[in-house]
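**Q** What follows is a predicted protein model with its sequence.
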Amino acid sequence: MIAIGMGANSLAQPDDFSAALATVWREAGGCDEVATLATAAFAAHVQAAALKAGVSFRPWMLIALRERSADCVTRSERSLSLFGVTSIAEAAALVSAGPRSHLIMPRRVVGNITVAAAQSAARGERRK
């Protein structure tokens, strides 16, 4: 199972999310789920991008993202100071991909969107 996590800055526009998702989708070789911080101002735009792409949307509470923050490989000082998470995109992808998941694409910036991809411990494994 491959999960894509998304974050954004305040300049992000609704169409930016679908464009960023399409980019990371190609590079990750597909996607089963798109995830983000449930309380983020942009969460509805991530949900719309997932719906447009025909994949599940998974909003996560901050506590879940914090549990996987230590597994992130990049560090956003802004994200860390605001949320206590080193990368919203990486942590969301890791949580969605489940226990023992790992990043297959560390956080990268696509315009005003951050994206990351994680794979479950076993390629065919589904999160419960």
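**A** Arrived safely, thanks for sending. Residues are numbered from 1 along each chain as shown.
**Q** downstream neighbour of the lengthiest strand in the chain in the secondary structure list?
**A** In the chain, with assignment by DSSP state E, the single longest strand is strand 102-110. Note on strand 102-110: by DSSP states H and E, the next helix or strand toward the C-terminus is strand 113-119.
**Q** that older thread, may I have the strands that pair with the longest strand of the chain, each with its orientation?
**A** Its sheet considered, strand 102-110 pairs with strand 113-119 (antiparallel) by DSSP bridges.
**Q** Quick one: distance of the strand it pairs with to the chain centre.
**A** 5 Å (CA atoms, centre = their mean, to the nearest Å).
**Q** Equivalent analysis for stretch 29-49, please.
**A** Chain-centre distance of stretch 29-49: 7 Å, with CA atoms, centre = their mean.
**Q** Span of it from start to end?
**A** The first and final residues of stretch 29-49 sit 17 Å from each other (CA to CA, to the nearest Å).
**Q** buried sites along that stretch?
**A** Residues of stretch 29-49 classed as buried by neighbour count (16 or more other CB atoms under 10 Å): 31-37, 40, 42-43, 45-47, 49. C-beta coordinates here come from the backbone N, C-alpha and C atoms, glycine included.
**Q** average model confidence for it?
**A** Stretch 29-49 comes out with an average pLDDT of 95.
**Q** Start at 319, not 1
**A** Sure thing, new numbering starts at 319, so read that last one as stretch 347-367.
**Q** residues making contact with that stretch?
**A** Residues outside stretch 347-367 that contact it (CB atoms under 8 Å, 6 or more residues apart in numbering): 319-326, 328, 330, 332, 334-336, 338-339, 342-343, 368, 371, 373-380, 383, 401, 406-407, 410-411, 413-415, 435, 445.
**Q** all helices for the chain, in order.
**A** For the chain, the helices defined by DSSP state H cover 332-346, 361-371, 380-386, 395-401, 406-415.
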